[in-house]
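Participant: Provided below for reference: sequence and predicted model.
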Amino acid sequence: MATKPLAKARGLRRKYGDHLLTALALVLALYMFVFAPLHAMGFFVFHGFITFALFGIIGAMVQIADRPTALYTMAIGLGANGAVLFLHLFYPPWPYNLYIMAAAWLGISIAFGEVVAEAVFRRGRVTYHRIIGAILLYLLIALAFATLYMFVGMLIPDAFKGITFADDWGVGSAAVYLSLVTLTSTGYGDIVAVHPIARSLCNIESIIGQLYPATLLARLVTLELSQSSLAEKTVAVPSNAPGSPATNSAARGGVTPSFVDGIRQLRRDHGDWLLTLLAGLLALYMFVFASLHSSGVFEFHGFTIVTLFAMIAAMLVISDHRVALAIMSVGVIANVAVLVLRLLYKPSVFNIVAMSGGWLAIAIALGAVVANAVFERGRVTYHRIIGAILLYLLIGLGFGTLFVFLGLSFPDAFKGISFADDSALASSVYYLSFVTLTSTGFGDIIPVHPLARSLCNMESVVGQLFPATLLARLVALELRDQGP
């Protein structure tokens, strides 16, 4: 009878193990980028959400792996988190709270990382969920180093400049920010390692951050190649077999072409080519029109509107997703409205909100359509690779609009940029976004608020892992297209 629960867990592991990697990545991302900064702002209720998230992680780990040691370590970490929450709520600050919290999260990240690494790098088909699992492993590395920075900062008070390791609500969020800024090589310069041990620890993390994408890519490609070689031994079903899609579609015949059929024919013939066109249009707006507009050449706002209409026309051909097309249209209407308001009325915060909301809608809608076109099954063409670059630009655009909303909500969220309704705002925001996404980190614009730091961390992680995960996915698509 005792073997029945184990057999059931193993059955669930085979069926849902990969899906749970995505769920776990979402839970950890919520903790690191949402709960931790809100907790640092004084919303203490989110410590309870963190505890419930840990319960969910343990439950998922039971399904992913049958490693008792890892589960016991996770359970001890959960108990330590509950104890620290109790001490924070009912007793004055105690220096050992930080030691308990840091030790708990270090144990969680190591045990959790071991289970996730085994699930991601085991033999078999490289799925979307396993790629997300690799991102989860990257976040766990950052979490482990954040706890090590806390230990060094508590033992050596002057080890870091720009951060204080005291028993308050903000130290965890600040340590995670420092870790991710180091792992992604962003390096804004607002927090600096001073002590030799702190510098060595930062060097180790930055080296791991540089080498992780390459080693991840090599391993995933190797797994996909080995899986493809096994698939070659299987017998392929003929494409003209009875009941196949090709036979059924040929049997229909005699359908009169319509406007919709014409659009679908254009999609088959020129869909990939339009990805390159869209990438060129968006690059023109972000790196030419926005910069000229910020320099006082206001005529280029009209070129922006024309570019947006061209994007809608291209979207209509690439995808027949009506919701995405409607959202894109709302974004264009918002841009036109702001152009009219700026010509007829004085500057207003409403203009910034409407413009940012419009471009966020465009980034989400166009991003969904482009991602579907780039990662669908089939031959990986030159235009689909350019489409992946377009998706990268849309990520930068989306985060740029989020920076605007955050800067309007918290005036001191960023240092070095002013969120006013002027012609230079768009160019400055895109500069900040791409400096973060590409891990350039000049240090002239710095996130100060916990939410701003978390948003920058999130973008830098996406920017660091996007090339490797993209290449792994494209290689997998190409290998499957060449398979039997």
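Facilitator: Received it, and whenever you're ready, just let me know what you need.

Participant: Gly378 touches Glu478, doesn't it?
Facilitator: No. Gly378 sits out of contact with Glu478 when judged by C-beta atoms under 8 Å, with a separation of 9.3 Å. (Each C-beta comes from the backbone N, C-alpha and C, glycine too.)

Participant: Give the residue spans of the stretch 251-400 of the chain that score low on pLDDT.
Facilitator: Within the stretch 251-400 of the chain, the segments meeting pLDDT under 70 span 251-271, 296-302.

Participant: what do you get for the stretch 101-250 of the chain?
Facilitator: For the stretch 101-250 of the chain, applying pLDDT under 70 flags the ranges 167, 227-250.

Participant: All the helices of it, in order from the start?
Facilitator: 128-155, 171-183, 196-231, 245-252 (DSSP state H, counting those that start in this stretch).

Participant: same question, the stretch 351-484 of the chain
Facilitator: Under DSSP H, counting those that start in this stretch, the stretch 351-484 of the chain gives helices at 382-409, 425-437, 450-482.

Participant: Would you mind giving the ones you listed as TSV with mean neighbour count and distance to Tyr285 added?
Facilitator: Listed next are those as TSV, based on neighbours: other C-beta atoms under 10 Å; distance: least, C-beta to C-beta, whole Å:
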stretch	mean neighbour count	distance to Tyr285
helix 382-409	21	9
helix 425-437	23	9
helix 450-482	21	19
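
Participant: closest to Ala175 out of those helices?
Facilitator: Nearest to Ala175, of all the helices of the stretch 351-484 of the chain, is helix 450-482, at 11.0 Å by C-beta to C-beta.

Participant: I'd like the average pLDDT over that closest one.
Facilitator: Averaged across helix 450-482, pLDDT comes to 85.

Participant: Tell me which other helices or strands that helix touches.
Facilitator: For helix 450-482, the packing partners by 3 or more C-beta pairs under 8 Å, 6 or more residues apart in numbering; DSSP states H and E come out as helix 36-40, helix 128-155, helix 171-183, helix 196-231, helix 382-409, helix 425-437, strand 446-447.

Participant: looking at those, which is closest to Ala25?
Facilitator: Taking those one by one with C-beta to C-beta, helix 128-155 is closest: 3.9 Å.

Participant: how far is the closest one from where the chain is centred?
Facilitator: 15 Å (C-alpha atoms, centre = their mean, to the nearest Å).

Participant: Could you tell me how many residues sit around the residue nearest to Leu137 when sequence neighbours are not counted?
Facilitator: In this structure, Leu137 finds its nearest non-sequential neighbour in Val116, 5.0 Å apart by C-beta to C-beta, 6 or more residues apart in numbering. Using other C-beta atoms under 10 Å, Val116 has 26 neighbouring residues.

Participant: mind checking how far Gly357 is from Leu437?
Facilitator: 21 Å (C-beta to C-beta, to the nearest Å).

Participant: now swap in Gly209 and tell me
Facilitator: Distance from Gly209 to Leu437, counting by C-beta to C-beta: 15 Å.

Participant: Skipping its backbone neighbours, what lies nearest Phe309 in space?
Facilitator: That would be Val332: by C-beta to C-beta, 6+ apart, it lies 6.7 Å from Phe309.

Participant: List the buried residues in whichever strand or helix holds that neighbour.
Facilitator: Counting by DSSP states H and E, the element that carries Val332 is helix 322-344. Residues of helix 322-344 classed as buried by neighbour count (16 or more other C-beta atoms under 10 Å): 324-325, 327-329, 331-332, 334-336, 338-339, 341-342.

Participant: name the helices or strands packed onto that helix?
Facilitator: helix 300-318, helix 349-375.

Participant: To Thr184, which of those lies closest?
Facilitator: With respect to Thr184, and counting by C-beta to C-beta, the nearest of these is helix 349-375 at 21.0 Å.

Participant: Any buried residues in that closest one, and which?
Facilitator: 351-370, 373-375.

Participant: Please render the helices of the stretch 351-484 of the chain as CSV that adds distance to Ile108 to the earlier fields.
Facilitator: Below are those laid out as CSV (distance: least, C-beta to C-beta, whole Å):
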stretch, distance to Ile108
helix 382-409, 28
helix 425-437, 27
helix 450-482, 19
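
Participant: between those helices, which one is nearest to Val192?
Facilitator: Closest among those, once you apply C-beta to C-beta, is helix 450-482, at 15.2 Å.

Participant: What angle do helix 382-409 and that closest one make with each other?
Facilitator: Counting by axes from the mean of the first three to the mean of the last three C-alpha atoms, to 10 degrees, helix 450-482 lies at 170 degrees to helix 382-409.

Participant: chain center to helix 450-482, what's the gap?
Facilitator: 7 Å.

Participant: ok, now stretch 32-48?
Facilitator: Centroid displacement of stretch 32-48 relative to its chain, using C-alpha atoms, centre = their mean, is 20 Å.

Participant: list the contacts for Ala476?
Facilitator: Neighbour list for Ala476: Val126, Leu220, Glu224 [criterion: C-beta atoms under 8 Å, 6 or more residues apart in numbering].

Participant: For ChimeraX, what selects the buried ones among those residues?
Facilitator: Buried subset of the contacts of Ala476, written as a ChimeraX selection, criterion 16+ other C-beta under 10 Å:
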select :126,220,224
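
Participant: Between the contacts of Ala476, which sits nearest Tyr188?
Facilitator: Nearest to Tyr188 among the contacts of Ala476, counting by C-beta to C-beta, is Leu220 at 30.6 Å.

Participant: quick one: contacts for the residue nearest to that closest one when sequence neighbours are not counted?
Facilitator: Spatial nearest neighbour of Leu220, chain neighbours left out: Ala472 (4.1 Å); criterion: C-beta to C-beta, 6+ apart. Applying C-beta under 8 Å, 6+ apart, we find Ala472 in contact with Val126, Ile131, Leu216, Leu217, Leu220, Val221, Glu224.

Participant: what's the answer for Leu277, then?
Facilitator: The neighbours of Leu277, taking C-beta under 8 Å, 6+ apart as the test, are Ala310, Ala314.

Participant: Which element, helix or strand, includes it?
Facilitator: Here Leu277 sits within helix 259-284, counting by DSSP H and E.

Participant: Name the next helix or strand downstream of that helix, please.
Facilitator: helix 290-294.

Participant: quick check, distance from that following helix to the centre of its chain.
Facilitator: Helix 290-294 has its C-alpha centroid displaced from the chain centroid by 28 Å (C-alpha atoms, centre = their mean).

Participant: I'm done for today, thanks for sticking with me.
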